[in-house]
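Q: Here you go, sequence then predicted model.
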Amino acid sequence: MSAAGAAGMVLQVAATAAGAPLVVGGMRQVRARLEGRAGAGWAQPWRDLRKQLGKQRIDPAGTTVVFAAAPFLLAGTSLLIAAIVPAVTTASPLDPVGDLFAVVGLLLVGTVALTLAGIDTGTAFGGMGASREVTIAALVEPTVLVAGFALSVPVHSSNLGEIVAATVGDPGRVASPAAMLAFAALAVVVVAETGRLPVDNPATHLELTMVHEAMILEYTGPRLALIEWAAAVRLTVLLALLANLFVPWGVADAGSGTVGLLVGLLAVAGKVLVFAVVLAGVEVFLAKLRLFRVPELLAGSFLLGLLAVTTSYFLAAPG
Amino acid sequence: MTTAAYTDLLHLAAGLQLLCAVGAVWRRQLGPSVRLLSAQGTALAAIPFVSGLYRHEGHLVGVALAVLVLRGGMLPWLVSRLVPTIVRPAADWTDSGRYAGSDLDLDLDVPGSGSAMRPEPHAHDDPEETREPTPLVSTTVSLLLTAALTALAYAVSRPLVTLDPSPATHAAPAALAVILIGLLVLTTRRRAVSQVIGFLTLDNGIAALAFLLTSGVPLVVELGASLDLLLAVLVVAALTGRMRVKFGGTDLGELQELHE
């Protein structure tokens, strides 16, 4: 464990925790401007969080510890992922123990905690949202794993830090067909995992269409604030991971000093910002997909991931 | 041209061709499918072009140009003439018409997309002509079948690759996968136009396999095969025109039974 790595880890967790609501606010602002609205401003999510933190906590009748614990589990796993992924530095002390599969597992732990909480409330919407969320998660996880395989085959390691470091050392790898296919597959998966259009509409509060919102319908006050903050952290971390897997330049490594860490922080913040703006801009032109057609989209992204594996495995053989 | 650049470009062309074939499975709108077919033909033409430049063989470049004109331009153009040019207002995602009749539409946050743009019952045939109706196998299943077929192609062509490992033979499984995907499209689609697209995908795969495994086809053989193909597409074009006049649609399922 290097001091620079530890400092980088602390830096990226702090930056994600503070910056995630700003990313969400920025995306909403971009969307509002493109739709011709004035928008609430990019800091609005923080104001919402402050307001909700000041409110009274209410326990719906009949809910158990599952309901109470879910926000903390979700927030905890999201922060842990923020510490593992190579966002600011590739030399995070947690990186050797947490590879791609650990990250996917942690994501799933958070998702399952929230779906259980949705069922725990005993309302129809909670159960419906949970059922939809699990359907999407079941289709998303294999794609993440397969696309991750495609990236880890050339590096001979499933360690995220090593994949990113290897890409920094060999920039031509980004332009290979396998990497591009894996990028397309992972981009679809990130959209599905974070509940963005066209899989889920983050702005809707219409009961029949919502997925994520349906599960958290019974939460109020501080717990709701925690869940919304954790969802923002997830979005930010996944965008940072996607950015650094395919555009890794600027990321700090074990030997970086203070300047290197700051450059890494600025680089990843810039990349996440660009990705978020692009995502929000694309969303303006999309309508939400029918729920029954979501498997079609996810099967397509799974196929892209599988093609990425086959091309990286077979075409990369010494020839 | 260096060997590394040659390998990269060759694999890029083969991968692009495979991606276009996957796109043909994914999209049911006929217009984009035809454009994908054109891109596929262009990617196919890149294979002999790149190997011709790498090995300094002029006739391969000539073959590449012939392939480009025929499969990148002419055949897709002929196929696109088979697609009726009715501009449909609904986007692909909104899925209007396909579930016309099922009332519990979950797209409530997209006002108007579900009900307003549904085709009128009496105008049912014409807009349906520009896209494949509900296929025999659902899109999700065909995509998963495509994944399985790709894996199968790689599995069965391993002996071929080990026989003579070179950059070209390493890309051969991708061409074999294109052949299998073409067969899948050919067998699971109902419209005559979609079947032509499947057939051309199949033939593009065969041509790509020939280019990758042999060190180039003689110009005469390539021209002969291409002319056959052109003839086949022209025959289907004539047949489609006749079908549209006789039955008002090109659903080949209509031909399975005798009518009075």
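A: Sure thing, it's come through.
Q: Give me the spatial nearest neighbour of the residue in the stretch 1-150 of chain B that chain A sits nearest to, chain neighbours excluded.
A: The nearest approach of the stretch 1-150 of chain B to chain A comes at residue B:15, 3.6 Å away (CB to the nearest CB). The way it works is simple: take the backbone N, C-alpha and C, and place the C-beta from them, glycine included. Closest residue to residue B:15 apart from its sequence neighbours, by CB to CB, 6 or more residues apart in numbering or on different chains: residue A:177 at 3.6 Å.
Q: Does that neighbour touch residue B:10 like I think?
A: No: using CB atoms under 8 Å as the test, residue A:177 is too far from residue B:10 to be in contact (10.8 Å).
Q: hey, where'd the helices end up in the chain?
A: Picked chain A for this. Ranges of helices in chain A, per DSSP state H, are A:3-34, A:44-53, A:65-84, A:100-120, A:124-155, A:160-169, A:177-193, A:212-215, A:221-246, A:258-284, A:294-310.
Q: Actually, chain B is the one I wanted.
A: B:3-26, B:30-55, B:58-67, B:75-82, B:125-128, B:139-156, B:158-163, B:167-188, B:192-213, B:219-247.
Q: and these, which one's lowest on average pLDDT?
A: Of all the helices of chain B, the minimum mean pLDDT falls on helix B:125-128 (a mean of 50).
Q: Could you point out which of the helices of chain B sits nearest residue A:301?
A: helix B:139-156 (9.4 Å; CB to CB).
Q: List the contacts of the closest one.
A: A:295-296, A:299-300, A:302-303, A:306-307, A:310, A:314, B:18, B:22, B:25-26, B:28, B:135, B:137, B:173-174, B:176-177, B:179-181, B:184, B:188 (CB atoms under 8 Å, 6 or more residues apart in numbering or on different chains).
Q: go with 7 Å
A: Under the contact criterion CB atoms under 7 Å, 6 or more residues apart in numbering or on different chains, helix B:139-156 has outside partners A:295-296, A:299-300, A:302-303, A:306-307, A:310, A:314, B:22, B:25-26, B:173, B:176-177, B:180-181, B:184, B:188.
Q: same thing with stretch A:60-74?
A: A:109-110, A:113-114, A:116-117, A:120-122, A:218, A:223, A:226-227, A:230.
Q: again, only using 8 Å
A: Stretch A:60-74 is touched from outside by A:59, A:109-110, A:113-114, A:116-117, A:120-122, A:218-219, A:223, A:226-227, A:230-231, with contacts defined as CB under 8 Å, 6+ apart.
Q: how near is residue A:224 to residue A:80?
A: 21 Å (CB to CB, to the nearest Å).
Q: I should have written residue A:258 there, sorry.
A: Separation of residue A:258 from residue A:80 (CB to CB): 25 Å.
Q: Touching, residue B:206 and residue B:176? I think so.
A: No: Residue B:206 lies out of contact with residue B:176 (CB under 8 Å); the separation is 9.5 Å.
Q: Please identify which of those two sits among more neighbours.
A: residue B:176 (24 against 17; other CB atoms under 10 Å in any protein chain shown).
Q: check contacts around residue A:22.
A: By CB under 8 Å, 6+ apart, the contact set of residue A:22 is A:42-43, A:45-46.
Q: Out of those, grab the one that's most surrounded.
A: Among the contacts of residue A:22, the one with the most neighbours (other CB under 10 Å) is residue A:45, at 23 neighbours.
Q: Isn't that residue up against residue A:24?
A: Yes: using CB under 8 Å, residue A:45 makes contact with residue A:24 at a distance of 5.0 Å.
Q: And the residue of chain A closest to chain B?
A: residue A:177 (3.6 Å).
Q: That residue and residue A:312: what is the separation?
A: 8 Å.
Q: And for residue A:178?
A: 3 Å.
Q: who touches both of the two?
A: Residues within reach of residue A:178 and of residue A:312 at once, by CB under 8 Å, 6+ apart, are A:150-151, A:153-154.
Q: As CSV, these with distance to residue A:214 would be great.
A: Below are the shared contacts of residue A:178 and residue A:312 laid out as CSV (distance: CB to CB, whole Å):
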residue, distance to residue A:214
A:150, 33
A:151, 33
A:153, 38
A:154, 41
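Q: Go back to these and keep what's next to chain B.
A: By CB under 8 Å from any CB of the partner chain, no member of the shared contacts of residue A:178 and residue A:312 lies near chain B.
Q: Residue B:202: which of those residues is nearest?
A: Looking across the shared contacts of residue A:178 and residue A:312 and measuring by CB to CB, the closest to residue B:202 is residue A:150, at 26.8 Å.
Q: show me the contacts for the closest one.
A: A:178-179, A:181-182, A:305, A:308-309, A:311-312.
Q: Of the residues you listed, grab the buried ones for PyMOL.
A: Selecting only the buried entries of the contacts of residue A:150 in PyMOL, with 16 or more other CB atoms under 10 Å in any protein chain shown as the criterion:
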select buried, chain A and resi 178+179+181+182+305+308+309+311+312
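Q: Pick the one among the contacts of residue A:150 closest to residue A:270.
A: residue A:179 (20.9 Å).
Q: and the residue nearest to that closest one when sequence neighbours are not counted, what pLDDT?
A: Counting by CB to CB, 6+ apart, residue A:179 lies nearest to residue A:173, which is 6.0 Å off, once chain neighbours are set aside. As predicted, residue A:173 sits at a pLDDT of 73.
Q: The one 3 residues further on now?
A: Per-residue pLDDT puts residue A:176 at 75.
Q: ok, it - how many residues close by?
A: 22.
Q: May I have the phi/psi pair for it?
A: When quoted as degrees, to the nearest 10, the phi and psi of residue A:176 stand at phi -70, psi 150.
Q: ok, it touching residue B:7?
A: No: here residue A:176 does not reach residue B:7: they are 10.6 Å apart, not a contact under CB under 8 Å.
Q: Which positions in the stretch 51-200 of chain A make contact with chain B?
A: So the stretch 51-200 of chain A meets chain B at A:172, A:176-177, A:181, A:198 (CB under 8 Å from any CB).
Q: I'd like the residues you listed as a markdown table, with distance to residue B:248 appended.
A: Listed next are those as a markdown table, based on distance: CB to CB, whole Å:
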| residue | distance to residue B:248 |
| --- | --- |
| A:172 | 54 |
| A:176 | 48 |
| A:177 | 43 |
| A:181 | 41 |
| A:198 | 34 |
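Q: Pick out whichever of those sits closest to residue B:214.
A: Proximity of those to residue B:214 (CB to CB) peaks at residue A:177, which lies at 23.2 Å.
Q: Run through the residues that contact that closest one.
A: A:308, A:311, A:315, B:11-12, B:15-16.
Q: Kindly report the same for residue A:185.
A: With CB under 8 Å, 6+ apart, residue A:185 has these contacts: A:143, A:146-147, A:301-302, A:304-305, A:308.
Q: With residue A:203 instead?
A: Shown in contact with residue A:203 (CB under 8 Å, 6+ apart): residue A:28.
Q: From residue A:288, how far off is it?
A: Look at residue A:203 and residue A:288: by CB to CB, they are 10 Å apart.
Q: Next: residue B:237.
A: Applying CB to CB to residue B:237 and residue A:288 gives a distance of 39 Å.
Q: where does the closest residue to residue A:109 other than its chain neighbours land on pLDDT?
A: Using CB to CB, 6+ apart and skipping the chain neighbours, the partner closest in space to residue A:109 is residue A:77 (5.1 Å). pLDDT recorded at residue A:77 is 94.
Q: Sweet, I'm off.
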